[in-house]
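[1] Here is a sequence with its predicted model. Questions after.
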Amino acid sequence: MPAAGPRQLLEDRFAQLSSDLETLFAESREHTRREFAEQLNQSVRRLRLASNPDDLCATLADSAARFASGAILFRVEDRVARNPRIDVPLSEAPALAGAVDMHDPLVALATPAEVGAPLVELLGHDAAARAHLFPVTVRDVVPALVYAWGMVQGPAIELLTQVAAAVWTAIPLPKPDLVTIAPAATPTAPKPAPTWDDLPAAEQRTHLRAQRFARVHVAEMRLHHAEAVQSGRIRRNLYDALRQPIDTARDTFRTQFFTCPSMVDYLDLELSRTLANENPELLGQSYPGPLL
């Protein structure tokens, strides 16, 4: 049998090297997968052992940092994201407000316009940085928020926040805000305005659905029409800049929720709070105002 030529020897060598590399990569992937699974398992066990909110938040912050280049945890109180290093009003950080209001993870540019100039300066974000936001949602309230950046393993951190939320379910939470409705004028002494506890359970559920509708639709406007939002804020005419999505949302809100006798215009409140940064004048003179 004739000896193999140089070409055949070279091809055989390449084939062997390719096989060796595939084996090496497979072993490396399996090792990485086992290490990742073990880290995640340890983090979940630690979260489940937390005995109070402070321990739970400290454990979540430490665990999340294992799955990102950097991560910090904010406690959310009175529309302010609080951390020992910095307090960030949600009115000054639309991205954080969006994650809190939508109750869903969110990725945004880590710019002063989205997360606030003080936070950008504190964390040293560059112009291309991304902020990964993971709310901890407990009974329709977000008491904490994980803020991560750099190389972020989003599914792992999202799982950790869900575990933390499950552990937190025993903690009593404040009831959702309900705008007081002025009583109708009558010859007799006016009745006090209804409180949340006065409302029937069915109306409470309708209010919660209306609040979520408003949060989600306004957050979608901010995310999908970012340039129009920025322009509208600068020119103080947000309604003109977003007339079509705002009018569509108003029509849907009126149809779906104003059959409830105690309903108020949560959409108007959310537009003023999230889009207009707590300054209703930014909506512009053409904005028709709250639904009646």
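    Thanks, I have the structure now.

[2] make it CA atoms for all contacts and neighbour counts henceforth
    Will do.

[3] Which residue lies closest in space to residue 94, excluding its sequence neighbours?
    Leaving aside its chain neighbours, residue 94 sits nearest to residue 114 (5.2 Å; criterion: CA to CA, 6 or more residues apart in numbering).

[4] What number of residues are in the vicinity of the one you found?
    18 (other CA atoms under 10 Å).

[5] which residue ranges form the helices in this protein?
    For the chain, the helices defined by DSSP state H cover 6-49, 53-65, 94-102, 112-115, 117-123, 154-167, 201-224, 226-235, 238-241, 243-257, 266-270.

[6] picking that back up, surely the residue nearest to residue 94 is in contact with residue 108?
    Yes - between residue 114 and residue 108 there is a contact under CA atoms under 8 Å: 7.1 Å.

[7] For the two, list the residues in contact with both.
    Residues touching both residue 114 and residue 108 (CA atoms under 8 Å, 6 or more residues apart in numbering) are residue 95.

[8] strand partners of the strand ranked longest in the chain, parallel vs antiparallel please.
    If you go by DSSP state E, the chain has its longest strand at strand 141-152. Sheet neighbours of strand 141-152, with direction, are listed as strand 68-77 (antiparallel), strand 130-138 (antiparallel) (DSSP bridges).

[9] what residue is smack in the middle of the chain?
    Geometric centre of the chain, nearest residue: residue 99, 1.5 Å, by CA atoms, centre = their mean.

[10] and that one, what does it touch?
    Contacts of residue 99 by CA under 8 Å, 6+ apart are 105-106, 133-135.

[11] Nearest to residue 275 among these?
    residue 106 (16.8 Å; CA to CA).

[12] That closest one and residue 146 touch, don't they?
    No - Residue 106 is beyond contact range of residue 146, at 10.7 Å (criterion: CA under 8 Å).

[13] Those two: which has the busier surroundings?
    Set residue 106 next to residue 146 and count neighbours by other CA under 10 Å: residue 146 wins out with 26 against 19.

[14] beta partners for the more buried one?
    residue 73, residue 134.

[15] returning to what we had before: I'd like the strands paired with strand 141-152 laid out as TSV, including distance to residue 214 and mean neighbour count.
    Shown next, in TSV, are these (distance: least, CA to CA, whole Å; neighbours: other CA atoms under 10 Å):
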stretch	distance to residue 214	mean neighbour count
strand 68-77	20	19
strand 130-138	17	25
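
[16] Just send the ones you listed back as JSON lines, with mean pLDDT and distance to residue 280 too.
    Listed next are these as JSON lines, based on pLDDT from 0 to 100; distance: least, CA to CA, whole Å:
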{"stretch": "strand 68-77", "mean pLDDT": "94", "distance to residue 280": "23"}
{"stretch": "strand 130-138", "mean pLDDT": "93", "distance to residue 280": "27"}
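
[17] Switch those strands over to CSV; also include distance to residue 288.
    Formatted as CSV, those follow (distance: least, CA to CA, whole Å):
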stretch, distance to residue 288
strand 68-77, 31
strand 130-138, 33
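
[18] which of the contacts of residue 99 sit farthest apart?
    Those two in those that are separated most widely, counting by CA to CA, are 106 and 135, at 8.8 Å.

[19] can you list the weak-confidence ranges in this structure?
    In the predicted model of the chain, residues 1-6, 9-10, 12-15, 17-21, 23-33, 36, 169-194, 196 satisfy pLDDT under 70.

[20] coming back round to it: can you mark which positions in the longest strand of the chain are buried?
    Using 16 or more other CA atoms under 10 Å as the test for burial, strand 141-152 gives 141-149, 152.

[21] Outside of that strand itself, list whatever touches it.
    Defining contact as CA under 8 Å, 6+ apart, one finds that strand 141-152 is touched by 57, 61, 64-65, 67-77, 81, 100, 103, 129-137, 161, 173, 176.

[22] Alright, I will stop here.
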